[in-house]
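Asker: Provided below for reference: sequence and predicted model.
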Amino acid sequence: MTQTLDDLQAKYPGAVTFKFGDSERLSAELIALVRSGRKTGTCGALRDFTEGGEALPVAGRRDIVLNWDGTPALVIETSSVTIRRFCDVEAEFALSEGENDDLAGWQRDHGAYFERNGGFSPEMELVCERFRVVEDLAGEAQ
């Protein structure tokens, strides 16, 4: 049975909905990395949370990851949240994002992402989140 967003918000009170990435292709790639178990971390620019944007992640909260089209894909639970400057992100966290094989690749790709989405500075503050999958809403269809 397919669960609607309303069903999920009733099942997970207080859950925030969000999309990974800034395009349909990137969103699908990141969701696939989560499903494979390779992606257990994510980050965003602190400015996107403090300037009327998304709610800050909170350890213990369960959130609903949406596909690019707005349909529910996953439910995740945040295990930890830290705020650190881009230049201070260590390899262990960068690799938890599952997108790169080394810190230099993470820095290159994430620098480009932030540049396209409001500007980049090595000193910019990031919200770094670790999470685990609670529910994969694709079931056997994927």
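Answerer: Great, that's in hand. Residues are numbered from 1 along each chain as shown.

Asker: residues contacting residue 41?
Answerer: 93, 96-98, 128-131 (Cβ atoms under 8 Å, 6 or more residues apart in numbering). Placement of C-beta: from N, CA and C, glycine included.

Asker: Same check on residue 81?
Answerer: 56-59, 127-130.

Asker: continuing past the helix or strand hosting it, what's the next helix or strand?
Answerer: Assigned by DSSP states H and E, residue 81 belongs to strand 72-85. Per DSSP H and E, the first helix or strand lying C-terminal to strand 72-85 is helix 91-96.

Asker: what about that next one, average pLDDT?
Answerer: Mean pLDDT, helix 91-96: 98.

Asker: Alpha carbons only: can I get that helix in PDB?
Answerer: C-alpha atoms of helix 91-96 as PDB (Å, rounded to 0.1, in the frame of the first residue of the first chain):
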ATOM      1  CA  ALA A  91      37.000  13.500   5.400                       C
ATOM      2  CA  GLU A  92      35.000  11.200   7.700                       C
ATOM      3  CA  PHE A  93      31.900  13.400   7.400                       C
ATOM      4  CA  ALA A  94      32.500  14.300   3.700                       C
ATOM      5  CA  LEU A  95      32.700  10.600   2.800                       C
ATOM      6  CA  SER A  96      29.500   9.900   4.800                       C
END
